[in-house]
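Chemist: give me a 3D structure for the following:
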Amino acid sequence: MVQFKGSKPDNKIPQWLETIQENSWEAELLLSAVLLFGLIQTPIFLDTWTREFFAWNDGYLKTLLENINRGLEILRIGFIFHIIVRAMWIAQVGFSYVYPSGIKVDALKFKGRFRKELSKVDSSVQSIMFLERLASTIFAISFSLFGLLLGIVAWASPFLGFALLIENPDIHTAVKGILIFLMLSYLFLSFLVFIDFVTNGLLRRGRRRAKYFYHISWFFRIFTLSFLYRKTLLTIVSNTKGYKKYVITIGLLLIVVFSDNLTDMVPDHYFDNYRENLKMGFTQNANYESKRSVSDVMVATVQSDIIDNNVISLFIKDISLFGKFDWKEDEKDTSKIKFTTSLKDEVFNIKTENLNEVLNIYVDSVQCQELNWNSTVHPKTYDKGYIAYINLDTLPAKLYNLIIKVKEEEDDKPIEKDSTIAFIPFYLNK
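Modeler: Numbering: from 1, shown residues only. Okay, the predicted model is just below:
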């Protein structure tokens, strides 16, 4: 039996547990590889299922599933780093077997500062132990970040309940007042818990403060699923000195809060590639339903590069009209879409049934006039968008270019965007 330093005799570690600790890298590596394989598939399936099931409904359950997907992305990134560090660890272990003495400083005959630098280099054993600790820490923190994200979602759920009840017209005014008071009280208590969290237990250190704060902390520990991350965070904080423990706590919280930006980097990369190819005039498979792959970015599509039936079925994803713009339904008029640019605070309102005010669509140099647009959901990707049909009866059989542009001005206000969003060559077969 071995014993933790400073622990009581009844806290001795059994021999079987010590053996598991010494060989935990095997289980970590196996679990990371297996779970990483599953995590590569799960977010894609969950995201597709969520968009299909909640195509036109935005609710708490959809938000919950989206955040679970974010948590899975965090796990995936964590496991990737874990496997990389473990691979470095295995390389160091193997290399130390081949060269057990490490760097032979005397054999190199370096002088001055070069010799001092080599004398400060960690030995092979120290490097291996550092990588061992780093890999195990990454493995544990990945699960804790996933749990912390779920805890934040669970914490936010009462606000939805309060909001739904307060907005209910059948609820009496006095009851609404009580609900507002309860919501504000919950928000105040949440602020106390947040201060305690980022200060690593400020309200738990004083005897009197701890006495009153315990019941608040106990409620929020259960409500925010703290069993998923509490022990790991307390272990890291209690073994870290100085300001570093505050950096760790705040850093982990920021990773969870801004994890949505991290998981959006890959889609942004695909979108940037689409725009670059568009500028260079390349024909892109992403614009043809018959040639698209799952990973292709969705902007605008026609059924095929060869049109046999004299009609183009044109689908445009809603957000693709203005690239990086954020589209939201206007609260006062649900028949309109409100969007704002990332460069200015200007707000535009466009009727969904009259996108002709926003778009210029050409077949070669001939502009398509007054197309009839309808809101729809893409049958394969479940993206929200708009569909219109372009009649080609009067055109002869030959190669054409379908060009979709955003009008450069709307109510004399410039739109900060490249005007062309799609360039789609097609052959009309008659």
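
Chemist: per-residue pLDDT of the nearest residue to Leu233 once chain neighbours are set aside, please?
Modeler: Leaving out its chain neighbours, the residue that sits closest to Leu233 by Cβ to Cβ, 6 or more residues apart in numbering is Ser144, at 6.1 Å. The way it works is simple: take the backbone N, C-alpha and C, and place the C-beta from them, glycine included. Per-residue pLDDT puts Ser144 at 86.

Chemist: I figured Ser144 hits Tyr229, correct?
Modeler: Yes - applying Cβ atoms under 8 Å, one finds Ser144 in contact with Tyr229, separated by 3.9 Å.

Chemist: what is the neighbour count of Gln284?
Modeler: Residues lying near Gln284 (other Cβ atoms under 10 Å) number 19.

Chemist: any idea how far Ile90 is from it?
Modeler: 42 Å (Cβ to Cβ, to the nearest Å).

Chemist: go on, Phe188?
Modeler: Counting by Cβ to Cβ, the gap between Phe188 and Ile90 amounts to 51 Å.

Chemist: in terms of neighbours, single out the busier of these two.
Modeler: Ile90 (14 against 9).

Chemist: that one and Met129, how far apart?
Modeler: Ile90 is 14 Å from Met129, where distance means Cβ to Cβ.

Chemist: swap in Phe197?
Modeler: Counting by Cβ to Cβ, the gap from Phe197 to Met129 is 31 Å.

Chemist: looking at those two, which one has more neighbours?
Modeler: Each of Phe197 and Met129 has its neighbours counted (other Cβ under 10 Å); Phe197 has more, 19 against 14.

Chemist: let me see the mean pLDDT of the helix or strand containing the more buried one.
Modeler: Counting by DSSP states H and E, the element that carries Phe197 is helix 173-198. Averaging pLDDT along helix 173-198 yields 90.

Chemist: chain center to that helix: distance?
Modeler: Offset of helix 173-198 from its chain centre (Cα atoms, centre = their mean, to the nearest Å): 28 Å.

Chemist: next, Thr240: secondary structure please.
Modeler: Per DSSP: H, G, I helix; E, B strand; the rest coil, the local secondary structure of Thr240 is coil.

Chemist: how about it: what's its closest non-neighbour residue?
Modeler: That would be Ile248: by Cβ to Cβ, 6+ apart, it lies 6.2 Å from Thr240.

Chemist: other SSEs contacting the helix holding Phe197?
Modeler: In terms of contacts (3 or more Cβ pairs under 8 Å, 6 or more residues apart in numbering; DSSP states H and E), helix 173-198 is packed against helix 124-167, helix 207-223, helix 244-257.

Chemist: how about the shortest one: buried residues?
Modeler: Of the residues in helix 244-257, those buried under the neighbour-count criterion (16 or more other Cβ atoms under 10 Å) are Lys245, Ile248, Thr249, Leu252, Leu253, Ile255, Val256.

Chemist: name the nearest of those relative to Tyr99.
Modeler: Nearest to Tyr99 among these, counting by Cβ to Cβ, is Ile248 at 35.1 Å.
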